[in-house]
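Visitor: Here you go, sequence then predicted model.
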Amino acid sequence: MIPEISVGILAAPKISIRLDGPYSANHGIDTHDSISITAGNGNEVSCQGLDMQELILTPLAPQCTFTLMDVTIGIGFHWQRREHQSFQGALKIICRDGMLHAINLIDAESYLRSVISSEMNAKAPEEFLKAHSVISRSWLLAQINPPMQLQRYTCSETESETIRWYDRDAHTLFHVCADDHCQRYQGCTKASTPQVGAAIEATCGEVLTFDGHLCDTRFSKCCGGVMEEFATCWQPVEVPYLRALSDNTTPNAVPDLTDATAMEQWVHERPDAFCANPPKEVLETVLNNYDLETSDFYRWHVEYSAEELADIIRTRSEMDYGSIISITPLHRGPSGRIDRLEIHGTRLRRIIGKELEIRRTLSRTHLYSSAFVITPLDYDSDGIPARWRIDGAGWGHGVGMCQIGAAVMAHKGYTYREILSHYFPGTELTVIY
């Protein structure tokens, strides 16, 4: 039986909804074409003069959709923007601490149809769409029932160190959210295609398993040439099928990227990999319009003045380091991604991690990845760096499937089973419904 899931779409003190088709409401309110809902007293939902614990709008016909106005997507990233988004299924609205939470209740396969169209261009190669259908389904179901060993570890913060990772356990009101924190889910706003429907149907109920257990199949945009291992980005747990491997079926010897000298050379080269030089026609059929705004992701660089970097770090960390004296990687994963970084300023010296915390602290949005080297370019009269340059590799955490690499594999004629075997070694395809 296909499971029903709950997806958090929007959180705001006021929500405007347009209903396209007949809906019923659990509190007998009039479901007109447009509804305005506000946060009531305490944790109550206020609508049409009524206060209630929660409001549920249920469609009375399969073709019914509801539209939420001004949904923010790409939260905190360089492509952040607002959209009106339409959804199938039911809508539940609850209030917590003065904020309304709009939650879509929908079956898993309908959810996947939107995810595949939202995560990338729906005209992507067929075998890539099949591969993504399997891993998106596997990841979703693994988040609903996460392995117990992951729940034993929590983030930590002391006077000298912040070690923080961002996982779906931040969600307590719904299974997964609709943004990049989980999987992009933009409802039926992103027009699906026959290709997406065929990929979902061809793999219906298929998931990846390892040793009889459902796999937590992570993915990112571009690994930068080497996939990262799970523990670098999240809990300190070894996941056998999320390993550091070259993104190449005939891998060259990958240097020891935990070494500073080897990493310095690596980010200034373009070693051969599936994701290294994707043809333009592949990118145009894989990436959505706003992702195509990002042109350099296999290798990239940014530069900051001393004042700009100090201001970014102060704003993003909410801590005043003063002028930045040094920024030192203390530990890297096997893909070169940093998971412990020391920032030494004239007012504060502190260690931060893991990779996403590092990426958000050193950028007004997010650095493309934490696989980087950072270099002071000039010094002032007091010996403090006046400018900084960051050279990096890849886009995203790099764990599991590299979306660009997988699309190139499909373009080259690899099947979805071969793609999955490459990025998740040792796993098996299993039909669970």
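Guide: That came in fine, so what should we check first?

Visitor: From here on, just use CA atoms for contacts and neighbour counts.
Guide: Will do.

Visitor: most remote residue from the protein's center?
Guide: The C-alpha centroid of the chain is most remote from Ser381, which lies 42.3 Å away (C-alpha atoms, centre = their mean).

Visitor: Let me know the secondary structure of that residue.
Guide: Classification of Ser381 by DSSP: H, G, I helix; E, B strand; the rest coil places it in coil.

Visitor: ditto for Arg350
Guide: strand.

Visitor: again with Ala244
Guide: Applying three-state DSSP: Ala244 is coil.

Visitor: got the phi/psi numbers for it?
Guide: When read as degrees, to the nearest 10, the backbone of Ala244 gives phi -80, psi 110.

Visitor: Show the contacting residues for it.
Guide: Going by C-alpha atoms under 8 Å, 6 or more residues apart in numbering, Ala244 touches Val226, Met227, Glu228, Glu229, Pro334, Ser335, Val399.

Visitor: which among the residues you listed gets closest to Val302?
Guide: Distance to Val302 across the contacts of Ala244 (C-alpha to C-alpha) is lowest for Ser335, with 19.8 Å.

Visitor: okay but that closest one is in contact with Leu257, surely?
Guide: Yes: using C-alpha atoms under 8 Å, Ser335 is in contact with Leu257, at 6.0 Å.

Visitor: out of the two, which sits in the busier spot?
Guide: Per other C-alpha atoms under 10 Å, whichever of Ser335 and Leu257 has more neighbours is Ser335, with 31 against 21.

Visitor: Look at the more buried one and report its pLDDT.
Guide: With respect to pLDDT, Ser335 scores 97.

Visitor: Could you grab the helix/strand/coil label for it?
Guide: Judged by three-state DSSP, the three-state class of Ser335 is coil.

Visitor: Now do it against Val254, distance only.
Guide: Distance of Ser335 to Val254, given as C-alpha to C-alpha, to the nearest Å: 9 Å.

Visitor: for Asp107, same thing?
Guide: For Asp107 relative to Val254 (C-alpha to C-alpha), the value is 42 Å.

Visitor: hang on, the earlier thing: now, the most widely separated pair of the contacts of Ala244?
Guide: The farthest-apart pair in the contacts of Ala244, when distances are taken by C-alpha to C-alpha, is Pro334 and Val399, at 11.0 Å.

Visitor: secondary structure class for Ala124?
Guide: coil.

Visitor: Please tell me I have it right and it contacts Thr285.
Guide: Yes: between Ala124 and Thr285 there is a contact at 4.7 Å, judged by C-alpha under 8 Å.

Visitor: Which helix or strand lies directly C-terminal to the lowest-mean-pLDDT helix or strand in the chain?
Guide: Here the helix or strand of the chain ranked lowest by mean pLDDT, DSSP states H and E is helix 148-151, holding a mean of 59. Tracing the chain past helix 148-151, the next element assigned as helix or strand by DSSP states H and E is strand 156-157.

Visitor: Spit out the contact partners of the residue nearest to Arg270 when sequence neighbours are not counted.
Guide: Closest residue to Arg270 apart from its sequence neighbours, by C-alpha to C-alpha, 6 or more residues apart in numbering: Ala276 at 6.7 Å. Counting by C-alpha under 8 Å, 6+ apart, Ala276 makes contact with Gly224, Gly225, Arg270, Tyr298, Gly405.
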